[in-house]
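Here is my input; please provide its structure:
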Amino acid sequence: MVKIKKKEAHKKPLTRKEQRKQKTEVKKQNKRLYFAGKANGIERVAAAAAEALAAQSQQGKKKKKRTKKPKINPEDIPTEQLLSGEVGSDDDESIASDFSDEEVDALLPKKAKVEIFEPLGKSGKPVKSLKGGGIQRQDEAEVRRRELRQQKELESKSKKQRLKQLKIENQEEEREINKLEKKLKLNKSKDKNRMVRKMFDDGLDYLLDFVLDDEEEKRKWEEKQDRKRQLKEQRVKEEAGMWSEEDEEQDESGGEEFPQDNSESEEEGDLGGEEEQSEEDSEQEEEAPKIKEDIYGRKRDAEGNILTDPVEQEASATGQKYIPPHQRALMAASAGTSEKQAEIIARLLKQCKGLLNRLSEANLHKIASGIEALYMKNSRYNMNETLTKLLQEALLGPTKTNERMVQEHMVLLTYLHAQIGSEIGAHFLQTFVELFDGYVKNIQTLEIEDKSLNNLVLILCYMYLFRIYELNLLMELIGRLADALCEKSVECLLLIFQSIGFRLRKDDPLAFKTMTQKVQAQIAAAPLELKENPRLRFMVDILTAVKNNNMQKLPQYDPELAENLRKRLKAMLKNDRYVVTLNITLEDLLRADKVGKWWIVGSAWTGNLNEMGSAKQKLEKDQAKSSSGGFSEKLLEVAKKQQMNTSERRNIFCIIMSAADYVDAFEKILHLALKDQRSVAYVIIHCALNEKKSNPYYAHLALKFCQFNRKYQLAFQFATWDRINDIESLSKAQIRNLAGFLHQVILSAGLQLSVLKVVDFMQLDKLSFYFMKEVMMQLLLAPDERAIFQSFERVAKNQKLQQFKQSIRLFLQHFLLQEEELAKLKMGEEQQVLLRQRVDYLDKMLAYVDL
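Here you go, the predicted structure:
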């Protein structure tokens, strides 16, 4: 209870300890007032008072008698004085007060009393008193449960709303589909399976993957797949002719019932019908006689007896010629009598067209696998004819075909050629070559705007690029175009050089050179009007650029796409498959219908073996002539005498002997594109040694190669070491020629003086001494003194050649400058003085650098 201070006459000041105690009591009072307003403080105070009384009664303590104080009406006390919190220091009653809510309420006015609020959610229930006077709080678990319950209710409501919206959208979509079906007249058919089969026949089966997502739809789709599989098996049996007449009658009766499906959405009836049908099929299979085909295509019964063909019996009886089954089916299809065969070809045409329409670089492997699967399921004759028809429609139009499109189709063709068999590529090659022959025969009448021949030439070029056939056939095709030179043929030749000209030059440079010379000869013999044609001049410029390996002059030339497709083709091939390159001539392809196809295993061939042998001999002569490079017989005989056994050495020798100068010889040898540089060094040194006198032509040629590439420098160094080590087999004339060759190459910095380090100075024999004396005399007496000092200075700076430098100094001082040796050389006094001066200078140079 807050004590109201009275005015006293004499008041003692409070000590610091008392002031601190007073402040703590004020804080406690304010704290109690604050928390009393948060909960039901009156009841808690009453409960605490009752407990305190019970405790005092148990202990038996007597209460202190309090002096009666005059009662003060709290309403008469001003609020400001009541809330000031001032407490008298000597008032024991204020210190003993327990600051209960009753006392506070008694002192406060009615308006300022603390309002008591019930806890959340407990307004209508009685409040339980907690032990120790704690504040009652709401259960957190119950609050959490209420929140989860509200969240679930919201989710269920949103889900119901979403399902309702989806149903509305599905109904709208059904209405739209029905409207489109009505416009397309697709809603009249009662058989829904017919639509699925029609999509398969049109090559649109991949669209069903985007439609079927639910399990129920997938189950229906599997049932349709089973029905489709059964229909396919029936068709296969019909094509193979393995059914008897009874089976055909039963299938006709059952086939009419199969497509009719009166039940619109009842699946159980469909499944029951399928079970009955499967039972009927099993009974028919048991009753039907087992007929099989052997490896020769003859029909045999269950016991193995050969069954005679009724068509063959009729033909033998009437005296007609027997027609094989595949030709019979083809004739029936072409005449329109066999509806089944025509239906099979039409379905196959739609499937292949659907695959080819989607062909691109990204899905190349998928489309190729699909066409390969069609080859496995259908006859190769039908597939070849179908693909030939589709490729001609897509690529051989009157307008120019996109080059990338041609490349992708030719990669597909190469994949089939490698994966299925070489007869696939041979069939298409024969077809395109026959078309090419027909166009070339009438090339003078072709219009310039008609690009059919251009497209055909581009197809043949990329068939060669992907290695379906050899270079010989392409050269024959180029020769046919060059022989019939006109504006159209010039355009086709230009297309060949632009697309695969650099490939031809890389594969066979000599054949390309021969072809270029032939084309240039035909151009020279052309009439004046054709020479002035801008297309012809542009073709000559392109041919010159290809010949000089200048890719920058070719407009829009990009070989990267073809190379990427070749790499992709290599990655697509599986099971160790590879592209078999066909070595067929143009004459073989054009006479294939009359003579036969010898390149197909098991095919009939009626050619003459003698003609074939003469053709081989002629081919061998042409190859020998091309390998000889067109050199004269005399030169070839000289090369043979000089033991130039390999073709590389023979060509290098003939080029060196027939060249105009060393620059011409250098360029021609580089055009050979040799991988072994040592053969070049061997032939040049061999020719230099076998001359009567030292010829500087070989030294200049060797220096040209040494400056061109360091590989040639090493090759000449190794070839020189071989000659020095085998110096006993050389004559003195050959040693002089070798010394003259080395002295020129060393002074020109083609080789270093260290090439002589293989000479054993400790055991010099007569030939080695003679060789060193010739080399040093020619080096020291050379007119260019600066070149001499530079050649020795390169050796002097090398710290690894200490022994070689000492050997050179010893040889120059004690062997070369002897009076006997100088007398043998028969030199004048001026030359002797010059020789001594240079030897002294070089000796000091080698000695100074050693120090």
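
how close does Leu396 sit to Leu460?
Remark: distance between Leu396 and Leu460 (CB to CB, to the nearest Å) = 12 Å. Yep, even glycine has a C-beta here, placed from its N, CA and C like the rest.

of these two, who's got more company?
Set side by side, Leu396 and Leu460 show more neighbours around Leu460, with 23 against 17, by other CB atoms under 10 Å.

Helix or strand: which one has the closest residue to that one other than its chain neighbours?
Among residues not flanking Leu460 along the chain, Phe432 sits closest, at 5.9 Å (CB to CB, 6 or more residues apart in numbering). In this assignment (DSSP states H and E), Phe432 forms part of helix 422-441.

List of residues touching that helix?
Helix 422-441 is contacted by residues 380, 384, 387-388, 391, 396, 413-414, 416-417, 446, 452-453, 456-457, 459-460, 463, 468-469, 473, 477, 480-481, 484, 489, 580, 582, 584, 586, 589-590, 592, 597, 599-600 when judged by CB atoms under 8 Å, 6 or more residues apart in numbering.

Show the pLDDT at the residue nearest to Leu460.
Note on Phe432: pLDDT of 93.

Can you report how many residues lie near it?
The tally of other residues near Phe432 (other CB under 10 Å) stands at 21.

how near is it to Met463?
Distance from Phe432 to Met463, by CB to CB: 7 Å.

Buried residues of stretch 775-790, list them for me.
Within stretch 775-790, the residues that count as buried by 16 or more other CB atoms under 10 Å are Val775, Met776, Met777, Gln778, Leu779, Leu780, Ala782, Ile788.

out of those, who's nearest Ala673?
Val775 (34.5 Å; CB to CB).

Give me the nearest residue to that closest one, chain neighbours excluded.
Counting by CB to CB, 6+ apart, Val775 lies nearest to Ala739, which is 4.5 Å off, once chain neighbours are set aside.

Mind telling me what element that neighbour is part of?
Using DSSP H and E, Ala739 sits within helix 732-747.

that older thread, could the buried residues of stretch 775-790 go into JSON lines alongside distance to Val680?
Formatted as JSON lines, those follow (distance: CB to CB, whole Å):
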{"residue": "Val775", "distance to Val680": "23"}
{"residue": "Met776", "distance to Val680": "28"}
{"residue": "Met777", "distance to Val680": "29"}
{"residue": "Gln778", "distance to Val680": "24"}
{"residue": "Leu779", "distance to Val680": "25"}
{"residue": "Leu780", "distance to Val680": "30"}
{"residue": "Ala782", "distance to Val680": "26"}
{"residue": "Ile788", "distance to Val680": "28"}
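
Looking at those, which are in strands?
Judged by DSSP state E, strands contain none of the buried residues of stretch 775-790.

re the thing from before, pull out the buried residues from the contacts of helix 422-441.
Among those, those classed as buried by neighbour count (16+ other CB under 10 Å) are 384, 387, 391, 396, 413-414, 416-417, 446, 452-453, 456-457, 459-460, 463, 468-469, 473, 477, 480-481, 489, 582, 584, 586, 589, 592, 597, 599.

For this structure, spot the helix or strand the model is least confident about on average.
None of the helices or strands of the chain scores lower by mean pLDDT, DSSP states H and E than helix 245-257, at a mean of 42.

Contacts only, for the residue nearest to Lys531 when sequence neighbours are not counted.
Of all residues beyond its chain neighbours, the one nearest Lys531 is Ile523 (7.3 Å), with distances taken as CB to CB, 6+ apart. Applying CB under 8 Å, 6+ apart to Ile523 gives the contacts Leu485, Lys531, Leu536, Val540.

Those residues: which two are farthest apart?
Farthest-apart pair in the contacts of Ile523 is Leu485 and Val540; separation 12.3 Å (CB to CB).

Would you mark the buried spots in the helix or strand where Gln803 lies?
Assigned by DSSP H and E, Gln803 belongs to helix 802-811. For helix 802-811, the neighbour count (16+ other CB under 10 Å) marks Phe804, Lys805, Ser807, Ile808, Arg809, Phe811 as buried.

ok, of those residues, which one's closest to Lys553?
Closest to Lys553, out of all of the buried residues of helix 802-811 and judged by CB to CB, is Phe804, at 51.5 Å.

per-residue confidence for the closest one?
pLDDT, Phe804: 86.

Not including adjacent chain positions, what is the nearest residue to it?
The shortest distance from Phe804 to any non-neighbouring residue, by CB to CB, 6+ apart, is to Lys757 (4.7 Å).

can you check Asp784 too?
Closest residue to Asp784 apart from its sequence neighbours, by CB to CB, 6+ apart: Leu747 at 6.7 Å.

same thing with Lys692?
Nearest residue to Lys692, sequence neighbours excluded (CB to CB, 6+ apart): Ala733, at 7.4 Å.

ranges for the strands of the stretch 351-500 of the chain?
Secondary structure of the stretch 351-500 of the chain (DSSP state E, counting those that start in this stretch): no strands located.

And stretch 348-359, what's buried?
By 16+ other CB under 10 Å, the buried positions in stretch 348-359 come out as Leu348, Leu349, Lys350, Gln351, Cys352, Lys353, Gly354, Leu355, Leu356, Leu359.

Of those, which belong to helices?
Among the buried residues of stretch 348-359, the members falling in helices (DSSP state H) are Leu348, Leu349, Lys350, Gln351, Cys352, Lys353, Gly354, Leu355, Leu356.

I figured the first one was touching Met383, is that so?
Yes - at 7.2 Å, Leu348 counts as touching Met383 under the criterion of CB atoms under 8 Å.
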